[in-house]
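1. mind folding the following:
(one chain, ligands or ions: 1)
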Amino acid sequence: MGQYFTNEKLPSNVKKKECIIYGYKFTFLTDNGVFSKDGVDFGSKLLLESIPLEEVGDKVLDIGCGYGVLGIVLNKLTGASIDMVDVNLRALHLTERNIKENGCNNINAFESDCYSNITNKYNTIITNPPIRAGKEIVYNILFNAKKHLESSGNLFLVIRKEQGAKSLIFDLKKEYNVEILKKKKGFFVLKCNF
Ligand SMILES: C[S@@+](CC[C@H](N)C(=O)[O-])C[C@H]1O[C@@H](n2cnc3c(N)ncnc32)[C@H](O)[C@@H]1O
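-> Below is the predicted model:
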């Protein structure tokens, strides 16, 4: 069974899922071989509903975008321009379809292994990090965010207690100011800046 971050060819079975976020209805096409194919992940929804939208700013990077939930919702709710990246090509293809499905503008979705194809700086970097891809990739995404944030920018993320939230917070505090925005059902939503 392939992991959600590999490009193994699983038979396609596209499904349409609906989700209410901040009281608005969003529609997402999902498929086999992508993260949370049965509908929007609890942690991703909690992340979106816990961050202060007025602090998101004009330029956002959704890193590890999957089928596009975080960036699409922020684009619709704030009007920010969004770059969305992933290594999973099926997920990126779904993101492109979901951008159209939800009538978004000013979103670019492209392949990038962590920050390998990122040259811009952002007001917000948002991620539900790919824990199963391993610590090296998760730490690359979280600690190199600093290089791609404007000086007043924020990194927003969600992590589960059982995935090592406490030790991650300990490590993040060596590089960032860390605020716990929300704790619910074992999920932590964090805001990091410097
Ligand atoms: C936990 S999922 C979150 C997906 C989506 N943001 C959401 O909230 O539903 C993490 C995503 O990171 C992607 N990913 C894994 N390794 C990556 C890497 N090296 N660079 C960029 N994205 C990666 C996976 O393919 C997956 O789509």
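2. contact residues of the protein facing the ligand?
-> Applying C-beta under 6 Å from any ligand atom, one finds that the chain approaches the ligand through 4-5, 35-36, 41, 44, 63-66, 69-70, 85-88, 91, 113-114, 128, 130, 133, 137. C-beta: built from backbone N, CA, C; applies to glycine.
3. pull the number of nearby residues for Ile20.
-> By other C-beta atoms under 10 Å, the residues close to Ile20 number 10.
4. what sits closest to it if chain neighbours are left out?
-> Phe26 (7.7 Å; C-beta to C-beta, 6 or more residues apart in numbering).
5. where does the one you found land in three-state SS?
-> Of the three states, Phe26 takes strand under DSSP: H, G, I helix; E, B strand; the rest coil.
6. do you know the pLDDT at it?
-> The model reports Phe26 with a pLDDT of 98.
7. among the residues of the chain next to the ligand, which lie within strands?
-> 63, 85-86 (DSSP state E).
8. ok, Asn105 - how many residues close by?
-> 10.
9. sorry, that was for Asn117
-> By other C-beta under 10 Å, the residues close to Asn117 number 11.
10. from what I can see it touches Leu92, true?
-> No. Assessed by C-beta atoms under 8 Å, Asn117 is found out of contact with Leu92, at 11.8 Å.
11. find residues that contact each of the two.
-> Residues touching both Asn117 and Leu92 (C-beta atoms under 8 Å, 6 or more residues apart in numbering) are 110-111.
12. give me every residue that touches Ile82.
-> Taking C-beta under 8 Å, 6+ apart as the test, what Ile82 contacts is 60-62, 71-72, 74-75, 104, 106-108.
13. can you select the buried ones from those residues in ChimeraX?
-> Entered in ChimeraX, the line below selects the buried ones among the contacts of Ile82, by 16 or more other C-beta atoms under 10 Å:
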select :60,61,62,71,72,74,75,104,107
